[in-house]
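> For reference, the sequence and a predicted model appear below.
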Amino acid sequence: MQAVASVVLASTDVDRKTNEITRFAPLLDQISDLRGTVITSPTSPNAAPTGC
């Protein structure tokens, strides 16, 4: 699959007291309807699935 266009729907800061994994679900909660949407995110090789 090759992306033709991209859009940033939401973003959040990640400070030293947390990490990207714990901020992912609250970030998605900012978007009202994700049906039919492909979501990509850079990941860490040590990241566990979030269940989102």
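Great, that's in hand.

> contacting residues for Leu27?
Going by CB atoms under 8 Å, 6 or more residues apart in numbering, Leu27 touches 10-12. Any C-beta I mention is one placed from the backbone N, CA and C, and that applies to glycine too.

> try Leu9
When contacts are counted by CB under 8 Å, 6+ apart, Leu9 touches 30-31.

> again, but for Val14
For Val14, the contacting residues are 20, 23, by CB under 8 Å, 6+ apart.

> distance of it from Arg23?
Using CB to CB, to the nearest Å, Val14 is found at 5 Å from Arg23.

> sorry, back to before: as TSV, the contacts of Leu27 with pLDDT, secondary structure and neighbour count would be great.
Formatted as TSV, the contacts of Leu27 follow (pLDDT from 0 to 100; DSSP: H, G, I helix; E, B strand; the rest coil; neighbours: other CB atoms under 10 Å):
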residue	pLDDT	secondary structure	neighbour count
Ala10	78	coil	10
Ser11	80	coil	8
Thr12	81	coil	11
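
> Which single one of the residues you listed is nearest to Leu34?
Closest approach to Leu34 among the contacts of Leu27 (CB to CB): Ala10, at 10.5 Å.

> So for the closest one, what's the nearest residue that isn't a sequence neighbour?
Gln30 (4.4 Å; CB to CB, 6 or more residues apart in numbering).

> number of nearby residues for that neighbour?
Neighbours of Gln30 under the rule other CB atoms under 10 Å: 10.

> Tell me which residues touch it, please.
Residues near Gln30 by CB under 8 Å, 6+ apart: 9-10, 12.

> As JSON lines, these with distance to Gly36 would be great.
JSON lines is the format used below for these (distance: CB to CB, whole Å):
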{"residue": "Leu9", "distance to Gly36": "13"}
{"residue": "Ala10", "distance to Gly36": "17"}
{"residue": "Thr12", "distance to Gly36": "23"}
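
> Just the closest of the residues you listed to Asn19, please.
Proximity of the contacts of Gln30 to Asn19 (CB to CB) peaks at Thr12, which lies at 11.8 Å.

> Could I get the full set of helices for this protein?
Assigned by DSSP state H, the chain shows helices spanning 20-28.

> Many thanks, I have nothing further to ask.
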